[in-house]
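Asks: Compute the structure for the input listed below.
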Amino acid sequence: MEKFLRYLQIEKNYSDHTILNYRLDLEGFAKFLGQVSIENTDYLLLRKYLAVLKEKSLGSRSTARHLSSLRSFFRFLVREGHIKANPILSLSSPKLDKHLPSFMTEEEVLRLIQATITKDEMGLRDKAVLETFYSTGIRISELTGLSLDDIDLIGSVIKVMGKGKKERMVPIGDQAIIAIRQYLDRRKKKSDALFLNKNGKRITPRGIRNIVKKYLRLAGIKPGVSPHTLRHSFATHLLNRGADLRSVQELLGHANLSTTQIYTHLTTEKLKSVYDKAHPRA
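Replies: Just a heads-up that it's a prediction; the model follows:
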């Protein structure tokens, strides 16, 4: 297992968070195996493990992730010659429920940003965080990982370290740049990090969630909205205003276009507009 995890880290360049999930999944499987060796693992034993996961009332996505970890592990074992046949090939993953991601309207995003109180450093930081989040559509982990060297305020682009430690360049809008400049001009503590908490340390994902939660409440926006909703809103609003799917995929940092395609289900305003213009009986 340790050899496999090193392979993921060094050769596949997976993030520490992803490797930790693989470790937890494999340790759970090892506990299930007990005294049974990995060489003696067969299809029936894997079916029993799948039944154990279901007994734990895991959702279909969590179960599918466990099986995905095992699939990668067994492929590695076959490739390295530790086992001759792959017992998991004929095991199918549970069917995943398709949930459309929630998103905010353009008016709601505006209300959220306008709810910030920019009289002090922390208020200016909060506005800069929200503006940057919505302007770029980056992940919360990518936002907290931003350093001063990653942002080009003149060229209006930021360098983002995405999943699998893949770098990409993302445009950033004028309003976000103005908010960042105002925050940096007022910031007292020196640091390489772009966004700091009240103690002068790099802000954490939890800190970002608290910021979003605070201003959602102040703006009186529907409950159930998360920081990730701003990313969904970013993608949906771009598509509604005519951006092509391939460009949105690049901006979001999705490896596969199929991941981005879920947003096409959300662009109802765009579809209604086309329908109204094109249908003779609309």
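
Asks: Tell me how many other residues crowd S226.
Replies: A count of neighbours around S226, defined by other C-beta atoms under 10 Å, yields 15. Bear in mind the C-beta positions are built from the backbone N, C-alpha and C, glycine included.

Asks: actually I177, not the one I typed
Replies: Around I177 sit 20 other residues, with neighbours defined as other C-beta under 10 Å.

Asks: Secondary structure class of it, three-state.
Replies: Under the three-state scheme (DSSP: H, G, I helix; E, B strand; the rest coil), I177 adopts helix.

Asks: Enumerate every residue touching the residue lying closest to it once chain neighbours are set aside.
Replies: Counting by C-beta to C-beta, 6 or more residues apart in numbering, I177 lies nearest to L153, which is 5.4 Å off, once chain neighbours are set aside. When contacts are counted by C-beta atoms under 8 Å, 6 or more residues apart in numbering, L153 touches I177, I180, R181.

Asks: quick check, nearest of these to P205?
Replies: I180 (19.1 Å; C-beta to C-beta).

Asks: Burial check on that closest one, number of neighbours?
Replies: Residues near I180, counting by other C-beta under 10 Å: 26.

Asks: wait, isn't it in contact with L194?
Replies: Yes: the criterion here is C-beta atoms under 8 Å, and I180 meets it with L194 at 7.5 Å.

Asks: what touches both of these two?
Replies: Common contacts of I180 and L194, defined by C-beta under 8 Å, 6+ apart, comprise I151.

Asks: Tell me how far L5 lies from A282.
Replies: Distance from L5 to A282, counting by C-beta to C-beta, to the nearest Å: 57 Å.

Asks: what do you get for T229?
Replies: Computed as C-beta to C-beta, the T229 to A282 distance reads 31 Å.

Asks: Y22 now?
Replies: According to C-beta to C-beta, Y22 stands 51 Å off from A282.

Asks: Quick check on these two: which one has the bigger neighbour count.
Replies: Between Y22 and A282, Y22 has the larger neighbour count (other C-beta under 10 Å), namely 21 against 9.

Asks: dump the residue contacts of the more buried one.
Replies: For Y22, the contact set (C-beta under 8 Å, 6+ apart) comprises F4, L5, L8, Y14, S69, S72, F73.

Asks: what about the fourth one, how many residues close to it?
Replies: Looking back up the chat, that one is Y14. 19.

Asks: I figured it was touching G164, is that so?
Replies: Yes: between Y14 and G164 there is a contact under C-beta under 8 Å: 6.1 Å.

Asks: How is this structure divided into domains?
Replies: 2-79, 106-274 (automatic domain parsing).

Asks: What is the neighbour count of F73?
Replies: Applying other C-beta under 10 Å, we find 20 residues neighbouring F73.

Asks: pretty sure it is touching G28, no?
Replies: No: checked against C-beta under 8 Å, the pair F73 and G28 is beyond contact range at 12.0 Å.

Asks: Mean confidence (pLDDT) on stretch 110-118, please.
Replies: Mean per-residue pLDDT for stretch 110-118: 92.

Asks: which of the residues in it are buried?
Replies: Buried residues in stretch 110-118, defined by neighbour count with 16 or more other C-beta atoms under 10 Å: R111, L112, I113, A115, T116, T118.

Asks: One more: stretch 22-42?
Replies: Residues of stretch 22-42 classed as buried: Y22, R23, D25, L26, G28, F29, T41 (neighbour count, 16+ other C-beta under 10 Å).

Asks: F234 versus the residue nearest to the spatial centre of the chain, what's the distance?
Replies: Nearest to the geometric centre of the chain sits R139, at 4.8 Å (C-alpha atoms, centre = their mean). Separation of R139 from F234 (C-beta to C-beta): 11 Å.

Asks: Equivalent analysis for G242, please.
Replies: 15 Å.

Asks: Looking at those two, which one has more neighbours?
Replies: Neighbour tally, G242 and F234, criterion other C-beta under 10 Å: the higher count belongs to F234, 23 against 8.
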